[in-house]
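Peer 1: here is my input; please provide its structure:
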Amino acid sequence: MSGALVPIAWIVVAYSLLVTVAAAVGLFLRAPRPRWLDQLAWMLEVLAFVLAVGALAALSDGRPHELSTHLGYVAAVVVIVPIAMLSVRDDRGPWSSGVVAVAALATGVVAVRIMMTR
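Peer 2: Numbering: from 1, shown residues only. Okay, here's the model as predicted:
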């Protein structure tokens with residue numbers, strides 16, 4: 001894996017854990033989803049996009065053993081958060097924080113898988 005890509009992936013993983021914990025706390029407290037949680041989720045999407053661009057650029061260093069799996073993870077890391085956020089766009093209830101938590105956790109897992117398949 002490209003040397004610069006590993007720190008980016010770990011930043012995505014750490015930030016996704018932060019968003020997951022923040023959303024899980026909101027879910028646990030049964031509070032309406034705050035606007036700042038939306039901002040955290042969209043910032044996670046920006047980081048995931050940077051990771052995806054870096055992962056695609058790292059393909060110039062050599063082809064991974066499972067190219068289709070790697071590209072699937074790269075595509076998934078970019079679409080998880082927008083799909084989740086669009087699905088709860090009009091719902092500010094406590095369970096919408098759960099959707100954000102699951103999406104953030106999935107983004108972190110996919111970021112780890114990107115590192116593993118490279």
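Peer 1: any idea how far residue 23 is from the most centrally placed residue in the chain?
Peer 2: The centre of the chain sits closest to residue 107, judged by CA atoms, centre = their mean, with a distance of 2.8 Å. Applying CB to CB, to the nearest Å, the value for residue 107 to residue 23 is 12 Å. All C-beta atoms are positioned from the backbone trio N, CA, C, and that covers glycine.
Peer 1: coming back round to it: surely the residue nearest to the centre of the chain is in contact with residue 11?
Peer 2: No. With contact defined as CB atoms under 8 Å, residue 107 and residue 11 do not form a contacting pair (12.0 Å).
Peer 1: picking that back up, and the residue nearest to the centre of the chain, what does it touch?
Peer 2: By CB atoms under 8 Å, 6 or more residues apart in numbering, the contact set of residue 107 is 12, 16, 44, 48, 77, 80, 81.
Peer 1: could you redo the last one with a cut-off of 10 Å?
Peer 2: 12-13, 15-17, 19-20, 41, 44-45, 47-48, 51, 76-81, 84 (CB atoms under 10 Å, 6 or more residues apart in numbering).
Peer 1: buried only: go through these for me.
Peer 2: 12-13, 15-16, 19-20, 41, 44-45, 47-48, 51, 76-78, 80-81, 84 (16 or more other CB atoms under 10 Å).
Peer 1: residue ranges with poor pLDDT in this protein?
Peer 2: Applying pLDDT under 70 to the chain flags the ranges 1-2.
Peer 1: which residues touch residue 56?
Peer 2: Residues near residue 56 by CB under 10 Å, 6+ apart: 70, 71, 74.
Peer 1: so how far is residue 19 from the residue of the chain positioned farthest from its centre?
Peer 2: The centre of the chain is farthest from one residue, residue 62, which by CA atoms, centre = their mean lies 24.5 Å away. Plainly put, residue 62 is 32 Å away from residue 19 if you go by CB to CB.
Peer 1: doesn't residue 15 make contact with residue 81?
Peer 2: No. Taking contacts as CB atoms under 10 Å, residue 81 lies outside contact range of residue 15: 11.3 Å.
Peer 1: what residues do those two have in common as contacts?
Peer 2: In contact with both residue 81 and residue 15: 43, 44, 46, 47, 48, 104, 107, using CB under 10 Å, 6+ apart.
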